[in-house]
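Q: Pasting a predicted model and its sequence here:
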Amino acid sequence: MKNGATIDYFVLGAYFLILVGIGFYFARKMKGGHDFFSGGNKIPWWVSGISLYMASFSAWTFTGAAGFVYFSGWFGVLYFATWSIAFLIGSQLTAAKWRRSRVISPVEYTSTRYNKTTQQVIGYVILLNMLFSLGVGLAAVSKVISAAMGIDIGLVILISGLAILFYTFLGGLWAVAIADVIQFVILIAISIIILPLSLNLIGGIGELFARSEPLSLTHIYKGERFDIFYLIAVTFINIINGAFTGQRYYSVKNEKDAKRVGIMCGLLFLSVPILFGIPPMVARIIWPDLSLVPFFQGQIVPNESVFIGIVLQVLPNGLIGIFMAAMFSATLSSLDSAYNMTASIVAKDLYANIFKPDATDKQIMLTGRIATFGIGLFTVGTAYIYATSQMGFFYWGITFVSLFFLPMTMPLVFGLLFKNLPRWSGLSTILLGLLVSATTRFLLGYSFGMQIISIVLVCPLLLLSSDYLRKMYLSHKLKTFIISISSAILMGVIFYFTSNRAFAALDFTLLFAISMLFGAGVYNFSHLYAKETTEDLRIVEEFFKKLNTPVDVIREVYSKGIKEVSSFPVVGKLIILIGFLVSILAFFDMTHNEVIITVVLSILLIIIGISMVYFGGRSERIYVERMQKELDKLKETESNL
């Protein structure tokens with residue numbers, strides 16, 4: 001098994017420089033918050049779709065998730081397979097509505113659909129979640145680079161974190177999206193090469209099926225139970241994730257393109273179980289006991305390095321550097337997107353809404369850049385903590401998802417779909433949902449799957465019953481009180497008999513107090529629901545009227561000018577450059593087979609780049625010319641009025 005060599009350092013360094021160049025290129029085009037956070041609604045749907053795909057997984061896929069596949073076998077591959085159809089379903093529920101909401105922050109619309117208090121609480125919860133969860137991805141990619149190159153992981157975290165921060169800080173969503181496309185091409189190209197080479201280690205796909213253990217639907221990993229309930233829970237999470245990731249939907253021109261974004265991302269997820277699930281399965285066969293393999297000895301969580309172990313086994317030096325860039329790319333794509341989205345919440349929903357309601361577009365962009373800087377530095381700190389933890393990245397990743405994600409996002413999704421939800425229902429679901437989530441996790445000891453399923457049941461019930469509780473409170477306050485207390489008692493009983501822990505007197509008292517707090521919350525929020533005014537109903541009615549109004553691309557996107565931020569040619573030329581840089585690696589010390597692998601990758605990248613420059617540039621020119629004609633017609637019509 002090889003280690004990283006000088007040429008791998010060179011490749012990784014050159015990749016860093018390309019990313020910084022992208023940031024500088026698009027920094028010149030950022031005129032305000034609208035450009036910085038939503039790309040001026042001019043990001044092509046295919047760019048946004050690829051960017052969404054890349055933002056949805058990181059080096060965690062190659063460390064934490066790969067370690068889980070190594071441990072659980074076909075169960076882990078099945079876990080990967082749930083992503084695609086779930087994401088497709090979720091995206092088609094809300095993609096068009098996100099675009100028609102005409103926002104530049106995924107939380108911005110909640111100030112009118114719900115109220116400003118809800119907007120601020122969601123903003124703070126998302127900010128808190130991101131601050132503590134983003135470090136998982138950075139720590140994961142740093143572990144990969146550290147293991148392959150033999151560099152101290154703390155130094156890798158610092159350099160990697162600053163590189164991501166720098167180009168996101170400069171170029172906003174355009175830099176994020178374009179970098180994501182380049183990273184996607186590198187990632188897929190190198191993964192397509194790794195797949196057959198890894199299978200060759202065991203004699204082909206037939207041997208994989210013959211030598212792998214049969215599918216088992218129950219596993220205990222890091223002290224946690226993973227079973228069919230976990231797969232169901234992951235499916236629900238990805239449905240909500242597909243419906244929630246609004247930034248990539250509202251950054252495109254119209255609702256048709258927004259739906260295309262979701263379809264493209266969902267279809268791309270079909271590649272995940274094949275490209276990223278099979279290599280860890282191969283590692284499971286060739287290294288049944290990692291403690292006997294020198295590379296894994298002394299590592300804190302050895303099974304989380306099996307993917308990099310396969311890479312070091314099958315790739316030549318030079319292409320190992322390309323793989324490092326691909327892993328780095330995957331994490332960049334999740335981190336840069338999260339930095340930009342979280343900064344948009346800080347700038348638009350917290351700063352502009354609370355502290356400076358009259359903030360200009362440029363002031364919002366400046367605040368967003370400052371927020372990006374702070375978030376990036378905090379992520380570097382938390383990444384170091386996670387990298388030195390015994391629990392591993394898979395544990396930390398699903399911990400934050402199970403605790404925060406559903407209570408935070410379900411009100412955002414349901415608020416786009418249901419008109420009759422009272423304006424306080426969003427806040428009630430967030431607070432009571434977080435209460436249930438924390439209780440099932442820390443007091444009752446639920447498995448991740450059961451914890452998530454409990455939230456999937458509780459949060460929609462809270463949202464969909466809110467209008468019924470509003471009407472009941474107006475006519476029968478006592479009945480509402482009885483139902484609230486009854487729900488609290490029922491929840492306490494269910495939690496007591498489904499707990500995985502033996503209850504002491506203090507635990508029982510705490511569970512009783514939490515149950516009563518839940519019931520009191522239901523009753524008190526019913527009181528707030530009942531305070532809905534005619535003005536509240538009018539605001540919600542106006543919001544849904546906007547959601548039902550198609551986007552007028554000419555008036556809303558191109559009225560200030562038809563000039564496009566070119567995407568195909570820029571991406572294509574950078575990919576051609578990378579392809580030529582890869583070809584140079586063939587002149588270094590390689591075997592005949594390694595030269596062939598390197599040349600194949602180089603040719604593949606160059607062909608993709610040339611195709612994007614020629615065909616993509618041509619399609620962009622045709623589209624711009626058509627939009628220009630439409631804009632000229634609009635101006636002529638308006639001048640004649």
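A: Happy to help now that I have it.

Q: and the residue nearest to Ile485 when sequence neighbours are not counted, what helix or strand is that in?
A: Spatial nearest neighbour of Ile485, chain neighbours left out: Gly519 (4.9 Å); criterion: C-beta to C-beta, 6 or more residues apart in numbering. From N, CA and C alone the C-beta is placed, and that goes for glycine too. Using DSSP states H and E, Gly519 falls within helix 505-530.

Q: Report all helices and strands that that helix contacts.
A: Judged by 3 or more C-beta pairs under 8 Å, 6 or more residues apart in numbering; DSSP states H and E, the packing partners of helix 505-530 are helix 425-438, helix 466-475, helix 477-498.

Q: what comes up buried for stretch 296-308?
A: Phe296, Val301, Pro302, Asn303, Glu304, Ser305, Val306, Phe307, Ile308 (16 or more other C-beta atoms under 10 Å).

Q: ah, wrong one, I meant stretch 370-383
A: Buried residues in stretch 370-383, counted by 16+ other C-beta under 10 Å: Ala371, Thr372, Phe373, Ile375, Gly376, Phe378, Thr379, Val380, Thr382, Ala383.

Q: Over to stretch 586-600?
A: Under 16+ other C-beta under 10 Å, the buried positions of stretch 586-600 are Ala586, Phe588, Met590, Glu594, Ile597, Thr598.

Q: quick one: least confident helix or strand in this structure?
A: helix 33-38 (a mean of 46; mean pLDDT, DSSP states H and E).

Q: Any stretches of the stretch 451-600 of the chain with poor pLDDT?
A: By pLDDT under 70, the weakly predicted segments of the stretch 451-600 of the chain are 503, 558-568.

Q: cutoff 50 now
A: Per-residue confidence of the stretch 451-600 of the chain (counting by pLDDT under 50) places the weak regions at 565.

Q: I'd like to know which of the buried residues of stretch 586-600 is nearest to His527.
A: Distance ranking of the buried residues of stretch 586-600 against His527, using C-beta to C-beta, places Ile597 first at 67.7 Å.

Q: Surely that closest one touches Asn317?
A: No. Using C-beta atoms under 8 Å, Ile597 makes no contact with Asn317, being 11.6 Å away.

Q: can you map out the helices along the stretch 201-350 of the chain?
A: Applying DSSP state H, counting those that start in this stretch to the stretch 201-350 of the chain gives helices spanning 205-211, 228-244, 247-250, 255-268, 272-275, 278-286, 306-314, 319-344.

Q: wait, which of these is closest to Ile485?
A: The nearest among the helices of the stretch 201-350 of the chain, by C-beta to C-beta, is helix 228-244 at 29.0 Å.

Q: Go through that closest one and flag the buried ones.
A: So, applying 16+ other C-beta under 10 Å, buried residues of helix 228-244: 229-244.

Q: Specify which member of the residues you listed is nearest to Met264.
A: Using C-beta to C-beta, the buried residues of helix 228-244 come closest to Met264 at Gly242, 12.0 Å.

Q: The closest one against Ile89, yeah?
A: Yes. Taking contacts as C-beta under 8 Å, Gly242 lies within contact range of Ile89: 6.7 Å.

Q: shared neighbours of these two, anything?
A: Residues touching both Gly242 and Ile89 by C-beta atoms under 8 Å, 6 or more residues apart in numbering: none at all.

Q: re the thing from before, nearest to Ile193 among the buried residues of stretch 296-308?
A: When the buried residues of stretch 296-308 are compared for distance to Ile193 (C-beta to C-beta), Phe307 comes out closest, at 14.0 Å.

Q: What residues does the closest residue to Phe62 other than its chain neighbours make contact with?
A: Leaving aside its sequence neighbours, Phe62 sits nearest to Phe307 (C-beta to C-beta, 6+ apart; 4.5 Å). Residues in contact with Phe307 (C-beta under 8 Å, 6+ apart) are Phe62, Thr63, Ala66, Val144, Phe276, Pro279, Pro280, Ala283.

Q: what's the answer for Gln92, then?
A: The contact partners of Gln92, by C-beta under 8 Å, 6+ apart, come to Lys259, Gly262, Ile263.

Q: Now tabulate those in JSON lines and tack on neighbour count and pLDDT.
A: Below are these laid out as JSON lines (neighbours: other C-beta atoms under 10 Å; pLDDT from 0 to 100):
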{"residue": "Lys259", "neighbour count": "19", "pLDDT": "93"}
{"residue": "Gly262", "neighbour count": "29", "pLDDT": "91"}
{"residue": "Ile263", "neighbour count": "16", "pLDDT": "93"}
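
Q: Need the residues you listed in JSON lines (columns: distance to Val156).
A: Below are those laid out as JSON lines (distance: C-beta to C-beta, whole Å):
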{"residue": "Lys259", "distance to Val156": "39"}
{"residue": "Gly262", "distance to Val156": "34"}
{"residue": "Ile263", "distance to Val156": "36"}
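
Q: ok, now how distant is Leu187 from Thr61?
A: As defined by C-beta to C-beta, to the nearest Å, Leu187 lies at a distance of 10 Å from Thr61.

Q: before we move on, what about Ser402?
A: Relative to Thr61, Ser402 is positioned 18 Å away (C-beta to C-beta).

Q: okay, and for the stretch 1-150 of the chain, where does confidence drop off?
A: 30, 32-39.

Q: where along it do the helices fall?
A: Going by DSSP H, counting those that start in this stretch, the stretch 1-150 of the chain shows helices at 6-27, 33-38, 45-55, 64-72, 74-81, 83-100, 110-113, 116-149.
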